[in-house]
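Trainee: next come a sequence and a model predicted from it.
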Amino acid sequence: MPCSKTVIAVAISSLFSTSLLAEVAAEEAAKDLSQLDAVTVTATALEDKKSTTANSTVLKAKQLEQQQVQRLEDMVRYIPGVSLTDQGRFGSAGFNIRGLEGNQVAITVDGLSVGETLNPPTYAFYDFFAAGRGGIDPDAVKQIEIVKGADAIAAGSGSLGGAVLFVTKDAADYLEPEGNDTFVRLKAAYSGANDETQGTVTVANRSGKLEALAVLTKREGHEMENYADSAERQAITGSGRPVADPQDNNSHNILTKLKYQLTEAQDIGLTAELFKADIDTNNLSWLSRSYLTRTSDDQQERSRIGLKYNWLAGHPLFDGLATSLDYQKTNNDAFTLMLAPASVARLCTTGPCYRSEDRDYQQDLLKWAFALDKELQTQGSSHQLVYGGALEQKSVDFSAIDTSYVGQTMEIARQDIDPDFVPETDADLWHLYVRDSIKFNNSAFSLTSGLRYDHLSYKPQLNTGFTDATGTVQDSSFSAVTGQIVGHYQLTDQQSVALQLGRGFRAPSTEEMYFQTSSVSRTEQATGKVVTGLYGSLSNPNLEAEYSTNLELAYQWQGNNSRIKVAVFKDNYRDMIENVTKVQNPDTVYESCTSFGCTVTQGNPYTINENVGDVDVAGVELQGAWRFNQNWSAQFSYSHHEGEKENGDPLITISPDKLVAGVSYRATDWWSLATNLSYSSEVKAKDAYETEEDGTQTQLVTYLPNSATVVDVVSTMEFGDNWLLNLGVYNLLDKEYYRWERIRYAASTRNNISADGIQRYSEPGRYAKLSVSYSF
């Protein structure tokens with residue numbers, strides 16, 4: 001018997017009825033200055049939690065579809081000054097905006113932070129573990145807002161250099177504005193960059209007062225291709241391997257939402273979301289006399305469930321009220337299995353033995369938030385007030401297990417619990433904020449200003465998994481008042497200027513506060529006395545939060561068929577946190593001996609996180625778009641950034657200059673073609689060094705990428721009201737090039753690169769993408 005769309009919708013809604021949730025309203029969208037065909041989404045001021053900075057970019061679901069976004073990196077492919085960081089086998093640590101990255105750039109999904117990174121620099125080159133900031137599937141997203149510059153009001157602690165704000169899809173995005181309706185969409189996609197296949201099923205339904213949505217996505221792929229891959233190069237192993245290690249990458253994402261209209265003014269919603277990825281890697285580039293084989297099984301999972309209530313009250317104190325309660329769990333697990341010869345592996349006496357290292361990092365977040373809005377009219381102005389706050393409880397837990405096996409079997413010979421990287425830590429956070437958008441009557445001037453207060457307290461717990469021989473691990477708390485003011489002046493009907501001053505802050509992460517303390521023993525060379533209890537690594541309870549001040553001036557000209565925007569900015573970052581090496585007892589000469597030999601040091605070196613000083617970043621950003629006629633349009637964007645530390649050293653995380661230019665041709669209502677050119681400038685030695693205390697300069701990265709020009713061609717075809725086809729050819733000219741964000745991590749943190757080994761970090765050569773969807 002035929003199955004109707006309504007039956008399909010009810011069946012899928014029932015399947016997830018135990019854990020459904022809904023975000024009732026979408027965030028208000030700003031005009032995307034780089035897209036003439038930007039889709040507009042309307043919302044009340046209460047629902048508008050996006051940034052009010054002078055420089056932000058909004059990407060809609062339609063643009064993500066046309067650009068064939070299948071990975072987070074694809075989202076920012078055409079946005080100069082923004083990139084995705086790289087952690088090798090562990091994916092991304094987040095976004096880089098104007099030279100700041102990792103925890104210094106806030107990432108939220110429907111207002112919930114995706115968590116913090118854990119990648120200790122002293123362990124990075126072993127490549128056993130790193131916790132990134134992923135767990136987001138592009139097909140579940142309807143809007144991405146990328147905020148450049150400080151805006152703590154929009155994203156809170158972590159919005160130091162900017163923020164990336166994701167908004168997930170709602171049933172109303174697919175349904176008619178009123179009445180019962182059902183929508184079903186089936187999508188299949190393929191990417192030659194990593195031989196990935198994808199399938200997505202979307203079902204939305206409205207029956208009376210109930211709306212339901214289910215988006216299910218499954219992906220299966222392999223390692224990212226690199227330039228000039230071949231069977232001959234695939235046979236090479238060890239640190240000189242010029243191609244990527246073999247990898248199987250599988251993920252699935254489930255987003256479900258329910259919304260029920262209680263009255264004309266009230267609704268409630270339930271949300272459930274689950275992202276899970278499994279990555280199996282054959283680490284052929286690590287094979288050596290120490291590793292006869294080495295494989296890894298990494299898992300990443302993010303799940304959340306939430307409840308939301310909206311009330312259009314029309315109260316004297318507020319027009320609308322929204323409150324939500326959410327719980328989110330994020331887990332990163334890395335399992336590495338190695339076959340080591342008897343000379344290296346523990347407990348091996350007759351031949352090679354297996355051993356494994358299993359690292360697990362879990363983060364939990366419980367958040368209650370509320371927001372209110374009020375529109376006021378005075379004699380000379382109108383005000384749109386938004387105010388609210390939130391309470392959050394966060395916890396982190398880490399475990400590390402080392403296992404030795406009997407020979408080349410999986411029979412356990414010995415299992416050791418390694419010291420935790422960080423202690424079990426609870427964190428309590430709360431904040432309050434207010435923002436007022438003012439329009440003055442009969443004036444070309446408007447003003448938006450806001451204030452926010454944040455308080456955060458850490459409570460680490462010592463146990464058998466984490467001991468503190470140094471006595472430096474203790475409770476800590478941070479508080480900050482941040483704010484923003486943006487003035488906008490309409491010079492003429494076509495010209496306007498905006499001036500922005502913003503302040504952001506970032507509390508130290510758990511890793512920066514409490515990373516694994518240790519003590520060491522050394523022998524005094526002069527006396528032969530063994531001294532115990534010397535510092536190995538210390539926690540720093542006196543660590544200060546990082547602060548940023550952003551000053552930006554923007555000019556925009558906009559006509560009927562074109563617009564140009566120029567922005568110049570100067571950002572100052574204070575009390576930046578770095579892991580530094582210091583010396584205890586510098587007048588004493590120590591000798592330390594192991595099975596590999598003895599070393600002599602002047603004093604006892606140890607590591608600690610400290611606030612090392614200020615960083616200045618300045619730059620210019622350009623955007624332009626033109627529509628020549630009904631068929632032809634063009635656009636471009638460009639960024640140039642410079643960063644300098646307090647001692648004059650360059651900020652190595654600054655991205656190279658980037659220019660993106662595109663031309664689009666729409667032949668008919670159903671067919672279009674676009675060509676995009678992306679240019680990145682070279683990175684020079686002067687961009688990647690640090691000055692030692694004695695004045696010598698050390699090159700931080702040996703491999704520096706040359707300039708590169710990459711051309712992409714994409715086409716969209718719509719067949720009737722049901723079929724949509726997207727086809728793209730990327731790196732059309734088959735150029736060999738390297739991304740600075742990827743190569744600097746690989747070259748600066750890993751010890752397994754030699755000869756042509758750096759080539760395995762090159763970007764893919766020419767490849768194609770294809771997606772086809774059917775809606776009914």
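Mentor: Sure, I can see it. Note that this is a predicted model, so its numbers are computed, not measured.
Trainee: can you list the strands that the helix or strand hosting Thr57 pairs with?
Mentor: Under the criterion of DSSP states H and E, Thr57 resides in strand 56-60. Here strand 56-60 is paired, per DSSP bridges, with strand 141-148 (antiparallel).
Trainee: quick one: contacts of the strand it pairs with?
Mentor: 26-27, 29-30, 41, 50-51, 53, 55-61, 64, 75-76, 79, 81-82, 95, 97-98, 154-155, 159, 162-170, 173, 569, 621 (C-beta atoms under 8 Å, 6 or more residues apart in numbering). For the C-beta atoms, the positions are set from N, CA and C on the backbone; glycine is no exception.
Trainee: among those, which are in helices?
Mentor: 61, 64, 75, 154-155 (DSSP state H).
Trainee: so can I have CSV of the residues you listed showing pLDDT?
Mentor: Shown next, in CSV, are these (pLDDT from 0 to 100):
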residue, pLDDT
Ala61, 93
Leu64, 93
Met75, 93
Ala154, 76
Ala155, 77
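Trainee: just the closest of those residues to Ile654, please.
Mentor: Met75 (20.4 Å; C-beta to C-beta).
Trainee: what sits closest to that closest one if chain neighbours are left out?
Mentor: Residue nearest to Met75 in three dimensions, not counting chain neighbours: Val69, with 5.4 Å by C-beta to C-beta, 6 or more residues apart in numbering.
Trainee: pretty sure that neighbour contacts Pro138?
Mentor: Yes - using C-beta atoms under 8 Å, Val69 makes contact with Pro138 at a distance of 4.7 Å.
Trainee: now do the shared contacts for these two.
Mentor: Common neighbours of Val69 and Pro138 (C-beta under 8 Å, 6+ apart) are Met75.
Trainee: okay, now Ser592: neighbour count?
Mentor: 14 (other C-beta atoms under 10 Å).
Trainee: quick check: chain neighbours aside, which residue is closest to Gly559?
Mentor: Gln494 (5.7 Å).
Trainee: how far away is that neighbour from His488?
Mentor: Note on Gln494: its distance to His488, by C-beta to C-beta, to the nearest Å, is 14 Å.
Trainee: more crowded one of these two?
Mentor: His488 (20 against 13).
Trainee: which ones are touching the more buried one?
Mentor: Applying C-beta under 8 Å, 6+ apart, the residues contacting His488 are 445-448, 496-498.
Trainee: OK, contacts around Gln685?
Mentor: If you look again at residue 685, you'll see it is Ala, not Gln. Ala685 touches 699, 704, counting by C-beta under 8 Å, 6+ apart.
Trainee: and Arg295, what element?
Mentor: I think there's a mix-up here, since residue 295 is Thr and not Arg. strand 293-311.
Trainee: if we can go back for a sec, so which of the contacts of His488 belong to helices?
Mentor: Those of the contacts of His488 lying in helices (DSSP H): none at all.
Trainee: between these, which is nearest Arg414?
Mentor: Arg414 has its nearest neighbour among the contacts of His488 in Thr448, at 62.1 Å by C-beta to C-beta.
Trainee: and stretch 519-527, how far out from the chain middle?
Mentor: 44 Å (C-alpha atoms, centre = their mean, to the nearest Å).
Trainee: and that stretch, what's buried?
Mentor: By neighbour count with 16 or more other C-beta atoms under 10 Å, stretch 519-527 contains the buried residues 520, 522-523.
Trainee: and that stretch, average pLDDT?
Mentor: For stretch 519-527, mean pLDDT rounds to 91.
Trainee: what of stretch 286-300?
Mentor: Here the average pLDDT along stretch 286-300 is 94.
Trainee: span of that stretch from start to end?
Mentor: 23 Å (C-alpha to C-alpha, to the nearest Å).
Trainee: kindly report the same for stretch 680-693.
Mentor: For stretch 680-693, the end-to-end distance is 33 Å (C-alpha to C-alpha).
Trainee: give me the pLDDT for the residue most central in space within the chain.
Mentor: By C-alpha atoms, centre = their mean, the mean C-alpha position of the chain lies nearest to Gly94, the distance being 2.5 Å. Looking at Gly94, its pLDDT is 90.
Trainee: now do it against Gly199, distance only.
Mentor: The value you get for Gly94 to Gly199, if C-beta to C-beta is used, is 27 Å.
Trainee: next: Gln630.
Mentor: Taking C-beta to C-beta, one finds Gln630 at 36 Å from Gly199.
Trainee: cool, Ser343 as well?
Mentor: For Ser343, the distance to Gly199 - C-beta to C-beta - is 48 Å.
Trainee: neighbour count for the two, which is higher?
Mentor: Gly199 (15 against 9).
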